[in-house]
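> got a structure for you, letters missing:
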């Protein structure tokens, strides 16, 4: 069935992250199906990928939360909708949601809103601000956890709420597609030794406190103190994104705990498939619930066991003791025990756990499935 629609996605910026990567994937899917993909955004490093795929990027300050800017963006988006013949508007964040809502209504076009997080509302004003998202014709939740949070906060007809999980790109995250040369290049760039006998852990997340880097360091220190982590190598891969004080505090913690030869802050990583291929297992020890948690499914797609905190989207993407291990959030002792249990497994046992994880991601969490379900929602609205 042909797809002849012009879809405008609106997102604050397309620098990095799950929402941004989903924007690119949907743009490619729209174009591949025969439609036109437009993006209104402040900009970012992923803009070139959209243009290379055949889409168009329209710079505008949709990241702004200033009321005057939000109203001005309504006019900018309305002009863009009319000039480009947009059929469907898809907003992916609260900041531009009001602008997109007003513009879509003025143009008589349907609006889709995707919740990439379970937004908190500490007061009635914040709750009203968030409500722009649920005023869309179709509201997409990126997990059952997110959907439950939406239902708890707002009365929303069941027909308007769809759960469409984020997906992993199974071609990009394919263990057979990552060469040893790529892994070796990454290891040299990181400066991590340890040899073939080392047990390697990867914690890929931006450097911010709730992503759990500190509990991970403490867990490694606990294992080292007990003599269980002599061959352990841990890479904390992620950008500080301006949080230089937090990055410095992590480095001090690493040195104070005496695990500087085991735990390494390696900065942002452009080749995440190679980083996951380097690891024996992947850590996702967030102290706050992840609305979905793309790292877990990307690790699963690469056939690697995942140790994650037992809350949020991880309860959906990881089957405890089958495709990975779930531990109480912030529980250093439980995290250390989980790491030790994976280290104690044979390579074959870990491989079997990873294989079950990959099979589950292939079945439930592919980017192809996400794109297919999203385009079907577009068709439903356009009809």
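That came through fine. Please read these numbers as outputs of a predicted model, since none were measured by experiment.
> could you pull out the helices for the stretch 251-383 of the chain?
272-278, 294-301, 314-317, 332-344, 347-364, 367-382 (DSSP state H, counting those that start in this stretch).
> so which of these comes closest to residue 151?
Evaluated with C-beta to C-beta, these place helix 314-317 nearest to residue 151, the distance being 15.8 Å. Where you see a C-beta, it was placed from the backbone N, CA and C, and this is true even at glycine.
> packing partners for that closest one?
Applying 3 or more C-beta pairs under 8 Å, 6 or more residues apart in numbering; DSSP states H and E, we find helix 314-317 packed against helix 144-153, helix 294-301.
> Burial-wise, tell me which of those comes out on top.
Ranked by average neighbour count under the criterion mean count of other C-beta atoms under 10 Å, the helices and strands packed on helix 314-317 are headed by helix 294-301 at a mean of 28.
> Need the residues that contact that one.
18, 21, 166-170, 173-174, 202, 204-205, 272-273, 276, 279, 282, 284, 290, 305-306, 308, 313-314, 317-318, 323-324, 354, 357-358, 360-362, 365 (C-beta atoms under 8 Å, 6 or more residues apart in numbering).
> Quick one, which of those residues are buried?
18, 21, 166-170, 173-174, 202, 204-205, 272-273, 276, 279, 282, 284, 290, 305-306, 308, 313-314, 317-318, 323-324, 354, 357-358, 360-361, 365 (16 or more other C-beta atoms under 10 Å).
> In strands, which of these appear?
When DSSP state E is applied, those are split such that 202, 204, 282, 284, 306, 308, 324 fall in strands.
> Pull up the gap between the fifth one and residue 295, please.
Taking C-beta to C-beta, to the nearest Å as the measure, residue 306 and residue 295 are separated by 8 Å.
> remind me which residues of the stretch 201-350 of the chain are low pLDDT?
229 (pLDDT under 70).
> what about the helices in the stretch 51-200 of the chain?
Under DSSP H, counting those that start in this stretch, the stretch 51-200 of the chain gives helices at 67-84, 97-107, 124-130, 144-153, 180-190.
> Lowest average pLDDT across those helices?
Note on the helices of the stretch 51-200 of the chain: lowest mean pLDDT is at helix 124-130, with a mean of 85.
> Any idea how far it is from the middle of the chain?
Distance of helix 124-130 from its chain centroid, counting by C-alpha atoms, centre = their mean, to the nearest Å, is 25 Å.
> Tell me the buried residues in it?
In helix 124-130, counting by 16+ other C-beta under 10 Å, buried: 129, 130.
> same check, this time on stretch 327-337
Across stretch 327-337, burial judged by 16+ other C-beta under 10 Å covers 327, 329, 330, 331, 332, 334, 335, 336, 337.
> what's the closest non-adjacent residue to the fifth one?
In this case it means residue 332. residue 218 (4.5 Å; C-beta to C-beta, 6 or more residues apart in numbering).
> rewinding a little: between the helices of the stretch 51-200 of the chain, which one is nearest to residue 136?
Comparing those against residue 136 with C-beta to C-beta, the closest turns out to be helix 97-107 (7.1 Å).
> hmm, who's touching that closest one?
Under the criterion C-beta under 8 Å, 6+ apart, residues 10, 62, 70-71, 73-78, 81-82, 86, 89, 91, 110-111, 113, 132-133, 135-136 lie in contact with helix 97-107.
> at 7 Å instead, please
With contact meaning C-beta atoms under 7 Å, 6 or more residues apart in numbering, helix 97-107 is reached by 10, 62, 70, 73-74, 77-78, 81-82, 89, 91, 110-111, 113, 132-133, 135.
> All good on my end, thank you.
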